[in-house]
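J.: Provide a 3D model corresponding to the input given below.
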Amino acid sequence: MSRKVTDKGVDRTARHVHVLIVGSGFSGLGLAIRLSQQGRDDYLVIERGSDVGGTWRDNTYPGAACDVPSQLYSYSFALNPEWSRSFSKQPEIQRYIRSVADRYGVRDKHLFDCDMTGARWNDADARWEVQTSKGAFTADILVSAVGALCEPNLPDIKGINDFQGKIFHSARWDHDADLTGKRVAVIGTGASAIQIVPAIARQVAHLDVYQRTAPWLLPRIDRPYTLPERLAFKHVPGVQKLSRAAIYAARETQVVGLAKFPPAMRVLEGIARAKLAYEVRDPELRRKVTPNFRIGCKRMLISNEYYPALGRDNVDLVTDGIEEIRAGSIVTTDGTEREIDALVVATGFHVTDSPAYEVVAGRDGRTLAEVFDTSGQQGYKGAAIANFPNMFFLLGPNVGLGHTSMVYMIESQIAYVADAIATVERLGLRTVEVRKDVQDKFNRELQGKLVGSVWNTGGCASWYLDKHGNNTTLWPDFTFRFRKLLEKFDVSAYDTSRNADGAARSDLKVVATS
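T.: Predicted coordinates:
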C-alpha cells in the first residue's frame, strides 16, 4: 500500500507499514525478533548503519570491550555458549548480535543505510509520517529504538576545526590513521578513553591524556574461559543459566549502595582506593587520578591497564583545562603548548540532548527536543511520552543502569511494547497516548527515589543529569522491580480512541521490505 505525503510542498509516495522500528541495536533487533515470534510480518526496521549491532557496530576503537560480564550480556532467549572470556571484546559481541539476527531470520525485515530525517504525527489519519534517506513511510505505530550512546558529543573548544592532523571521535575511529610513532592526544577519561589509552600507549611516540574529572576504577576480573567451562556451557543443561543468574544476583546487590543507602558504597570505594595506591606509585600522578566524589556518582569503570599506562614514560596526564586547539598543537589554560599529530576525541555522547529528538514532532507539533527543553526528559516507564500518540520507546527516559546489563532492561521493555501492540489490535484502538497526569505522577515518584541516591548526593556532575538538574537517565531501583512494572501493558494509563468500526486494524498490515 502507498499513499501521498506532502513534505514542504513536495509529493512523495510513502510506503505504509503497521509498525515501524527505528534502530537495530540490542533493543530494535530484540523487538523485531519478538514480533516475528508472535507470527507478525507487518513491521519494518530502519537502520542508518549498514548492519545490526548499534553501538557495538559503531565503536571499533582499539581495546573496545564490554564492562558487563559476558554471561549477562546476551538475550535470555539466545544465550551464547561460545563466549571466549568472562568480559567480551567488541568484535565478539558484534558477531553474537549478527548471529542472533541470522538465527531468527529477521534481516529481511530491515532496511539498512536508512536514516530517519523527520517524523510527524498526522492526527487526521492517526498515523506517523516518516521521512528517511530512502524515501517516505507512514506507520500506525512508531517505535524508537535509538540508543543513548549513538550520537557522538564533540567538545566546543576554540580552534578545534582548525586542527590539521588526524582527528576523530572514539565512536568513529579512523582505522586508516596509523598512529605508530606519532604524537597523539586523547581528550576525555571516560569508559572509552580508559580502554583506548592502554591500547595505543605502546604504539605511539608520545601520548597526552587530557582529564577533566578523574574516574573511579575497579579491577577488571577478566580471564579466558577454560575448555571444560565452554563444554559445560554448551552441553550441560542449566549450567549457563545458573552462571548468568549468579552474576545477575551479585550485580544487583550494588543497587543498595547506589540507590538506597549510599554509605554502603564505601566498600567498593575502599577496593578502588587500594587498587589506585597499588598501581600508581608516583605521588603526584596519584593525586591527579584520585576522584573527589563518592564512587558510583559517575559511571564506575573497570580496567587493569589504565593506571599502568599513565605511568609510562611516553604518557602524560594533563589536568589543566584546554584553552584552544591550533593547527598542530593544544594549548592549555596555563599557557603550555603541546604539539600533536593526531587527536582522539573521547568525550562521550549526546544522551539527554540527542539530535534524534529534534526530528520527531508529536500531536501539538512540538518536537521531542522542544518538549524536553521545557519540562525535562520525562516519560512513562521509559516506554511512552505524553503528546506522542502511537509511539513507544525502547531505552527511553530513566531506563539506564550503572551496575548491570542493559539487555535485562531492554527485554523488559520489549515485553511491554509487544503487549502494547497486541492490545491496540485486540481492542481495535485507533490511538493510544499515555495520560499526562499518569506520566507526571510516575516521574514525581521516580525523582523522589533519586533524592537520596549516590547520583544526587555523591558530589559530582555527570551526563546522567539534564539541564534542569534532574537525573533523567538512570533507573533508581532494583531491575527486577522494573521488569515487574512492565510485565503487562496497562492500557488504563493511556488515553485511547477506537476505530470507527471498533475492529482491529488488520486491514492495514502492509509490509515494506525495500
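
J.: where does the protein have its least confident helix or strand?
T.: strand 2-7 (a mean of 44; mean pLDDT, DSSP states H and E).

J.: Now the helix or strand that comes right after it: average pLDDT?
T.: Once the chain leaves strand 2-7, the next helix or strand it forms, by DSSP states H and E, is strand 10-22. Averaged across strand 10-22, pLDDT comes to 83.

J.: Note down every partner strand of strand 10-22 and its orientation.
T.: Strand 10-22 has the following sheet partners, assigned by DSSP bridges: strand 2-7 (antiparallel), strand 43-46 (parallel), strand 135-144 (parallel).

J.: of those, which approaches residue 274 most closely?
T.: strand 135-144 (42.7 Å; Cβ to Cβ). Any C-beta I mention is one placed from the backbone N, CA and C, and that applies to glycine too.

J.: centre of the chain versus that closest one, how much separation?
T.: 22 Å (Cα atoms, centre = their mean, to the nearest Å).

J.: Could you list every helix and strand that the very next helix or strand once past that strand packs against?
T.: Once the chain leaves strand 135-144, the next helix or strand it forms, by DSSP H and E, is strand 166-169. Judged by 3 or more Cβ pairs under 8 Å, 6 or more residues apart in numbering; DSSP states H and E, strand 166-169 is in contact with strand 342-345.

J.: Tell me the gap between the strand it packs on and the middle of its chain.
T.: On the basis of Cα atoms, centre = their mean, strand 342-345 sits 23 Å off its chain's mean C-alpha point.

J.: and what of stretch 133-145?
T.: For stretch 133-145, the distance to the chain centre is 21 Å (Cα atoms, centre = their mean).

J.: Averaged pLDDT, stretch 82-97. What do you get?
T.: Stretch 82-97 shows a mean pLDDT of 97.

J.: got it, and stretch 226-240?
T.: Averaged over stretch 226-240, pLDDT sits at 96.

J.: now that stretch, how far from the centre of its chain.
T.: Taking mean C-alpha positions (Cα atoms, centre = their mean), stretch 226-240 and its chain are 30 Å apart.

J.: What of stretch 81-98?
T.: For stretch 81-98, the separation from the chain centroid amounts to 18 Å (computed by Cα atoms, centre = their mean).

J.: quick one: buried residues of that stretch?
T.: Under the neighbour-count criterion of 16 or more other Cβ atoms under 10 Å, stretch 81-98 has 81, 83, 86-90, 92-94, 96-98 buried.

J.: now stretch 237-244
T.: Buried, per 16+ other Cβ under 10 Å, within stretch 237-244: 240, 243-244.

J.: what's in contact with it?
T.: For stretch 237-244, contacts defined as Cβ atoms under 8 Å, 6 or more residues apart in numbering pick out 71-72, 76, 79, 81, 232-233.

J.: Pull out the buried members of those.
T.: 71-72, 79, 81, 232-233.

J.: In helices, which of those residues fall?
T.: 232-233 (DSSP state H).

J.: Where does the prediction get shaky in the stretch 51-200 of the chain?
T.: Low-confidence segments of the stretch 51-200 of the chain (pLDDT under 70): 149.

J.: now the strands: where do they sit in it?
T.: For the stretch 51-200 of the chain, applying DSSP state E, counting those that start in this stretch gives strands covering 110-111, 116-122, 127-132, 135-144, 166-169, 183-187.

J.: In this structure, which helix is the longest?
T.: As assigned by DSSP H, the longest helix anywhere in the chain is helix 406-426.

J.: Distance from the helix or strand that it is followed by to the middle of the chain?
T.: Counting by DSSP H and E, the element after helix 406-426 in chain order, helix or strand, is strand 429-434. For strand 429-434, the separation from the chain centroid amounts to 27 Å (computed by Cα atoms, centre = their mean).

J.: Give the buried residues for the helix or strand following strand 429-434.
T.: Counting by DSSP H and E, the element after strand 429-434 in chain order, helix or strand, is helix 436-450. Going by neighbour count (16+ other Cβ under 10 Å), the buried part of helix 436-450 is 438-439, 442-443, 446-447, 449-450.

J.: Just put the residues you listed in TSV and tack on distance to residue 487 and pLDDT.
T.: Converted to TSV, the buried residues of helix 436-450 look like this (distance: Cβ to Cβ, whole Å; pLDDT from 0 to 100):
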residue	distance to residue 487	pLDDT
438	17	98
439	19	98
442	16	97
443	20	96
446	18	96
447	23	93
449	19	94
450	23	93
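
J.: now, which of those residues sits nearest residue 249?
T.: Nearest to residue 249 among those: residue 449, at 21.4 Å, using Cβ to Cβ.

J.: From the buried residues of stretch 81-98, pick the one nearest residue 170.
T.: Each of these was scored against residue 170 by Cβ to Cβ, and residue 90 proved nearest at 11.7 Å.

J.: Wait, the closest one touches residue 62, no?
T.: No - using Cβ atoms under 8 Å, residue 90 makes no contact with residue 62, being 9.8 Å away.

J.: show me the contacts for residue 233.
T.: Contacts of residue 233 (Cβ under 8 Å, 6+ apart): 81, 83, 225, 239-240, 243.

J.: Now do the contacts for residue 172.
T.: 58, 152 are the contacts of residue 172 under Cβ under 8 Å, 6+ apart.

J.: mind redoing it with 7 Å?
T.: Residues in contact with residue 172 (Cβ atoms under 7 Å, 6 or more residues apart in numbering) are residue 152.

J.: still on that earlier bit, kindly reformat the contacts of stretch 237-244 as TSV containing distance to residue 190.
T.: Below are the contacts of stretch 237-244 laid out as TSV (distance: Cβ to Cβ, whole Å):
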residue	distance to residue 190
71	25
72	22
76	29
79	30
81	32
232	36
233	32
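
J.: okay, among the residues you listed, which ones form the most distant pair?
T.: With Cβ to Cβ as the measure, no two of these lie farther apart than 76 and 232, at 18.7 Å.

J.: now for the longest helix of the chain, which elements pack on it?
T.: helix 26-37, strand 135-144, helix 479-485 (3 or more Cβ pairs under 7 Å, 6 or more residues apart in numbering; DSSP states H and E).

J.: Following the chain past the last one, name the next helix or strand.
T.: Pointing back at helix 479-485 there. Following helix 479-485 in sequence order, the next helix or strand is strand 494-498 (DSSP H and E).

J.: Note down every partner strand of that following strand and its orientation.
T.: Counting by DSSP bridges, strand 494-498 is paired with strand 429-434 (antiparallel).

J.: model confidence over the strand it pairs with, on average?
T.: On average, the pLDDT along strand 429-434 is 98.

J.: now that strand against helix 406-426, angle please.
T.: Taking axes from the mean of the first three to the mean of the last three Cα atoms, to 10 degrees, one finds strand 429-434 and helix 406-426 inclined to each other by 140 degrees.

J.: which parts of the longest helix of the chain are buried?
T.: Neighbour-count burial for helix 406-426 flags 406-421, 423-425 (criterion: 16+ other Cβ under 10 Å).

J.: Export the helices and strands packed on helix 406-426 as CSV, with columns for mean neighbour count.
T.: Shown next, in CSV, are the helices and strands packed on helix 406-426 (neighbours: other Cβ atoms under 10 Å):
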stretch, mean neighbour count
helix 26-37, 24
strand 135-144, 25
helix 479-485, 16
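
J.: and residue 166, which of those is closest to it?
T.: Relative to residue 166, the nearest member of those by Cβ to Cβ is helix 26-37, separated by 31.0 Å.

J.: So the residue lying closest to residue 189 once chain neighbours are set aside versus residue 291, what's the distance?
T.: With sequence-adjacent residues excluded and distances taken as Cβ to Cβ, 6 or more residues apart in numbering, residue 189 is closest to residue 211, at 4.5 Å. Relative to residue 291, residue 211 is positioned 11 Å away (Cβ to Cβ, to the nearest Å).

J.: just residue 478 next, same as before
T.: In this view, residue 478 and residue 291 are 26 Å apart by Cβ to Cβ.

J.: Residue 462 is in what secondary structure piece?
T.: Counting by DSSP H and E, residue 462 is found in no helix or strand.

J.: swap in residue 317?
T.: strand 315-318.
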